[in-house]
Structures are given as C-alpha cells and as structure tokens.
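Engineer: sequence unknown, structure follows:
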C-alpha cells in the first residue's frame, strides 16, 4: 500500500502450492495493474491465486464501500459466508447458491451499481487509460520532487504511489499539515520501515500535470516554512 510494489506472484504461488497453502492477493489498488497493458507484467501469475481483493474507490473514484472480492473456489466461499435458519426460504439440500450465500450481509443496498456504472462508462480502454495516466503523473511528481535539495523519493514508482522523504518525523508531520491547510491538494504522511514519509497517491480522475506541479510547489513551500520553525 505504501510503495505500490508488487511481489513476484509466480514465485509466491509456486512456493505456496508446494506446501498446500492458500494464496490470497491483497490487490487494494495494485490489482488494477492487470487492466493496463503497460503495467500488466507487474501482476503476472495472479491467475494462479485462490482469492483476490481490491478496491474501487481509488482508481474508479467510486464510494468506499464499492470493493471487490473474488474466490476461485465457490464451495469454500459459500462455507465461509452462508448462514442457515429453518425459516429461510430455500434452505434445503441440493439447492442452488443464491447471492446471499457469498456475502456477510443478508440485506444491503446495491454497492455494485456505482462500480458497474463507472466501468460501463469508461470501458476497457478507458480503465487502461486511467491507470496509465495516473502512473505517468506519479512518475512526473517523482521527477520534479527529486530536483529539490533535501527532498528524496524513496520508492521505485511503478504505479501511482510516491513516497517522499522531506526530513525527520517532526518536520514531515509539519509539512503534511501545511500542505493540507494550503488547499492546493491533499496528501498524507505514512510510516514505512520505521521512517516518517509523505505519501502521494495519484487517484483522482481529474488530476492533470499542472495539478502535480502545483502540489510539488506546495510541498517545497511547506517544507521551507516548516524549516523556519524546526529545530534540526
């Protein structure tokens, strides 16, 4: 989640199969790499997993509750999720599985509608273009940030995530607050391998190169302001 890095899924699934382990892929936003020909290689081997999960709210810009879970084994999926009661219609041996057998809720609103509408509007090529554009904008941000003295991009930018070192934890938290209050864009801070860093996640469909440039300027401006009152 922090870096956007993808594991070697071919190696992981092969090793898991040797010991009879279940392979679950937490694809949060990374699973969407499979939709873009330029990033598909990052998730090579994903088809060999037993289950997958990913979010819709990042790349598709749909509500937070529009997540996706897939399982390659329907019987196991049902055993984990179904519930029975003598008063429920159709709870008899040999019955066909119903929608309620695959989810934890017995009643809910149509979470999938927003995701369906987004996918329907974008189409296959639209989703691929969205992913490709977000990744390109993240690389653009990384290139610009590395030009500032005292600022360093610490991850390999392979998707839409950029981790930025701007100083120690106190300075980083100050820069985070100043950027957020500036109002140009919104980004947060994170802790990765024990280090406090800024985390840029390019995920809004309307983001442009100019927005990225304004955000980089905002980070530089915030860091300069924070250093004015920061004790090294």
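Structural biologist: Structure's in. What do you need? Every value quoted in this text rests on a predicted model; they were computed, and no experiment measured them.

Engineer: Count the neighbours of residue 172 for me.
Structural biologist: 22 (other C-beta atoms under 10 Å). Any C-beta I mention is one placed from the backbone N, CA and C, and that applies to glycine too.

Engineer: what does residue 212 give?
Structural biologist: Count around residue 212 with other C-beta under 10 Å applied: 24.

Engineer: thinking it is in contact with residue 143, fair?
Structural biologist: No - counting by C-beta atoms under 8 Å, residue 212 stays clear of residue 143, with 9.7 Å between them.

Engineer: contacts for whichever strand or helix holds residue 177?
Structural biologist: Here residue 177 sits within helix 169-182, counting by DSSP states H and E. Contact with helix 169-182 is made by 165-167, 185-189, 195-198, 215, 218-219, 221-223, 225-227, 229-230, as judged by C-beta atoms under 8 Å, 6 or more residues apart in numbering.

Engineer: try stretch 219-232
Structural biologist: 145, 148, 150-151, 164, 166-167, 170-171, 174-175, 178-179, 182, 187, 198.

Engineer: How about the contacts made by the residue nearest to residue 24 when sequence neighbours are not counted?
Structural biologist: Using C-beta to C-beta, 6 or more residues apart in numbering and skipping the chain neighbours, the partner closest in space to residue 24 is residue 51 (4.7 Å). Applying C-beta under 8 Å, 6+ apart to residue 51 gives the contacts 22-25, 69-73.

Engineer: buried subset of these?
Structural biologist: Among the contacts of residue 51, those classed as buried by 16 or more other C-beta atoms under 10 Å are 23, 25, 71.

Engineer: can you list these in a markdown table and add distance to residue 206, secondary structure and pLDDT?
Structural biologist: What follows is the buried ones among the contacts of residue 51, written out as a markdown table (distance: C-beta to C-beta, whole Å; DSSP: H, G, I helix; E, B strand; the rest coil; pLDDT from 0 to 100):
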| residue | distance to residue 206 | secondary structure | pLDDT |
| --- | --- | --- | --- |
| 23 | 36 | coil | 94 |
| 25 | 29 | strand | 92 |
| 71 | 34 | strand | 94 |
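
Engineer: can those go into a markdown table with extra columns for distance to residue 44?
Structural biologist: Below are the buried ones among the contacts of residue 51 laid out as a markdown table (distance: C-beta to C-beta, whole Å):
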| residue | distance to residue 44 |
| --- | --- |
| 23 | 14 |
| 25 | 12 |
| 71 | 21 |
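
Engineer: From residue 123, how far out is the residue positioned nearest the centre of the chain?
Structural biologist: With distances taken as C-alpha atoms, centre = their mean, residue 29 lies nearest the centre of the chain, 2.7 Å away. Distance of residue 29 to residue 123, computed by C-beta to C-beta, to the nearest Å: 20 Å.

Engineer: and what of residue 96?
Structural biologist: 32 Å.

Engineer: Neighbour count for those two, which is higher?
Structural biologist: Of the pair residue 96 and residue 123, residue 123 is the one with more neighbours under other C-beta under 10 Å, namely 10 against 6.

Engineer: Please name the bridge partners of residue 52.
Structural biologist: residue 25, residue 70 (DSSP bridges).

Engineer: what number of residues lie near it?
Structural biologist: Residue 52, neighbours per other C-beta under 10 Å, totals 20.

Engineer: swap in residue 192?
Structural biologist: Quick note: residue 192 (other C-beta under 10 Å) scores 15 neighbours.
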